[in-house]
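pasting the sequence and the predicted model now:
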Amino acid sequence: MSIVKVAELAGVSHTTVSRVINSEGSVRSETADRIRAIMEDIGYVPKPPSRRRGPRRLNDTSFKTGNIAFLTSSESLKVLTRSPIMANVLQGIEEALASHGMSMVHGAVGSKRPLPPIVAKGGVDGVIVWPHLDAVSPEAMEVLRRYKVVYVMSGISERLTADRVRVNHGKVGRLAVSYLASKGCKTLAYVTPSSLISRVNLCDRWAAFSSLAEEQGLSARQCEIEQSQLDLLEIDRDRDLLIQKTLKAFLAQGQRPTGMFVTCDALTAKLYPILKSLGIQIGRDLEILSCNNETSLLAGLEPRPISIDIQPEEIGRKAVAQLRWRIQHPEEESQVTIEVPPKFLE
């Protein structure tokens, strides 16, 4: 089996297949998904970079070490183990780097936690950051300014401007309204943890949601839960009581919604028992649509909600492609935002 056969079955050139294998980021996500599905169906496994014919990509003089750092703004790397969505982003990053014969270094950095020594000493070629660098010390920021940086799943950072790769939040909002409207819902609720409306880019999701709802003659209200997305992954009775109090107050105001879009699966998992305790039958009294498609968080919910897939693996792959491009084109100064379209999974 060869790359030529994959190209023939996919109806594309072998160059396009090569770009998908090497995560070069210039192929439409729908086409890339089709090519990967065909490769899996026919059992085609690309050769590792070291065994491919032609020059190895790592021989590019732009890359000195073959290492990329993934930094999370936290005092501990435990934050990554608590977030299924970020595990998927990391998978995409690792796969893309491996296809280029490169390695990834994980690290946490915060106000009290310094940069990993390998980063501080210039032992990496570039840095991917999640979600921001707000709490990083001035000393660490000076070091990071020497590198090319790409943010994933984050909003605008004023401390260090750089390229960003994220889901298209406007499309997420419109997809949510379209789905709930198709279910006959006339009164919509948009329920989100406060951490997901505090960043500029995430406001696009609500703006698109409320705008399309208005266009279709539907009413839409927003309910903000005073929690961070990561707090929702913990078992905390006081926080759960706060969620219950906020939701009850929201439902008591105005007309009760018949359709609810919850902006992350972690919050959906918290809302299910609360809604049932209020006598609301999900699927009959209230249609729920979730987001992120984190299956481990939705397991056990009955009825299991539909969840929008924001394609975290593709976000990871495109982050690597953009960082490699940025390292190879250091003269380019303007920053770009790459948006990955969400998918609707039923």
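Nice, I can see it.

please make it C-alpha for all contacts and neighbour counts, starting now.
Noted.

domain ranges for this structure?
For the chain, automatic domain parsing gives the domain ranges 3-46, 58-167+312-340, 169-298.

closest one to Pro305 among these?
domain 169-298 (6.0 Å; C-alpha to C-alpha).

ok, Tyr44 touching Ser2?
Yes - between Tyr44 and Ser2 there is a contact under C-alpha atoms under 8 Å: 7.2 Å.

ok, Ser210 - contacts?
Shown here is Ser210, whose contacts under the criterion C-alpha atoms under 8 Å, 6 or more residues apart in numbering are 220-221.

that one is in what secondary structure piece?
For Ser210, the element it lies in under DSSP states H and E is helix 203-215.

what's the angle from the helix or strand just after that helix to helix 203-215?
Scanning forward in sequence from helix 203-215, with DSSP H and E defining helices and strands, the next element found is strand 219-225. Interaxial angle of strand 219-225 relative to helix 203-215 (axes from the mean of the first three to the mean of the last three C-alpha atoms, to 10 degrees): 150 degrees.

what's the mean pLDDT across the helix or strand just after strand 219-225?
The C-terminal neighbour of strand 219-225 among helices and strands, as given by DSSP H and E, is helix 237-252. Helix 237-252 shows an average pLDDT of 91 in the prediction.

what residues sit buried inside helix 237-252?
Along helix 237-252, these residues count as buried under the neighbour rule (16 or more other C-alpha atoms under 10 Å): 239-240, 243-244, 247, 250.

now for the helix or strand of the chain with the lowest mean pLDDT, which elements pack on it?
Scoring the helices and strands of the chain by mean pLDDT, DSSP states H and E places helix 78-81 at the bottom, with a mean of 72. Packed against helix 78-81, as judged by 3 or more C-alpha pairs under 8 Å, 6 or more residues apart in numbering; DSSP states H and E, are the following elements: helix 84-99.

what are the contacting residues of the helix it packs on?
By C-alpha under 8 Å, 6+ apart, the residues outside helix 84-99 that reach it are 21-23, 48-49, 80-81, 103-104, 292, 294, 296, 312-317, 319-321.

one step back: could you dump the helix holding Ser210 to CSV, C-alpha only?
Extracted as CSV, the C-alpha positions of helix 203-215 are listed here (Å, rounded to 0.1, in the frame of the first residue of the first chain):
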residue,chain,number,x,y,z
CYS,A,203,-17.6,36.3,23.5
ASP,A,204,-17.9,35.4,19.8
ARG,A,205,-19.8,32.2,20.8
TRP,A,206,-22.6,34.0,22.7
ALA,A,207,-22.7,36.8,20.1
ALA,A,208,-23.3,34.3,17.3
PHE,A,209,-25.8,32.3,19.4
SER,A,210,-27.9,35.3,20.4
SER,A,211,-27.8,36.9,16.9
LEU,A,212,-29.0,33.8,15.1
ALA,A,213,-31.7,33.2,17.7
GLU,A,214,-33.0,36.7,17.1
GLU,A,215,-32.9,36.2,13.3
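
quick one on the thing from earlier: among the contacts of helix 84-99, name the buried ones.
Those of the contacts of helix 84-99 that meet the buried threshold are 21-23, 49, 80, 103-104, 292, 294, 312-317, 319-321, by 16+ other C-alpha under 10 Å.

of the residues you listed, which belong to strands?
103-104 (DSSP state E).

which parts of the host helix or strand of Gly170 are buried?
Element membership of Gly170, judged by DSSP H and E, is helix 169-182. Within helix 169-182, the residues that count as buried by 16+ other C-alpha under 10 Å are 169-177, 179-181.

what do you get for stretch 254-270?
Buried-residue list, stretch 254-270, by 16+ other C-alpha under 10 Å: 257-270.

touching, Ile38 and Leu9? I think so.
Yes - applying C-alpha under 8 Å, one finds Ile38 in contact with Leu9, separated by 7.3 Å.

compare the two and say which is more crowded by neighbours.
Neighbour count, other C-alpha atoms under 10 Å: between Ile38 and Leu9, Ile38 has more, with 17 against 13.

residue contacts, the more buried one?
Ile38 sits next to 6, 9-10 when contact means C-alpha under 8 Å, 6+ apart.

ok, now Ala189?
220-223, 257, 259-261.

max pairwise distance over those: which two?
Farthest-apart pair in these is Cys223 and Gly259; separation 12.9 Å (C-alpha to C-alpha).

leaving aside the residues next to it on the chain, what's closest to Pro116?
Spatial nearest neighbour of Pro116, chain neighbours left out: Gly107 (6.0 Å); criterion: C-alpha to C-alpha, 6 or more residues apart in numbering.

before we move on, back to that, which of the contacts of Ala189 lies closest to Pro342?
The shortest approach to Pro342 among the contacts of Ala189 belongs to Phe261, at 14.8 Å (C-alpha to C-alpha).

what bridges to that closest one?
Using DSSP bridges, the beta-bridge partners of Phe261 come out as Tyr190, Leu289.

isn't it up against Leu286?
No - taking C-alpha under 8 Å as the definition, Phe261 is not a contact partner of Leu286, at 10.5 Å.

which parts of the stretch 1-150 of the chain are strands?
If you assign secondary structure with DSSP state E, counting those that start in this stretch, the strands in the stretch 1-150 of the chain sit at 67-73, 103-109, 126-130, 148-152.

following element in sequence after the last one, please.
Tracing the chain C-terminally past strand 148-152 and defining elements by DSSP H and E, one meets strand 163-167 next.
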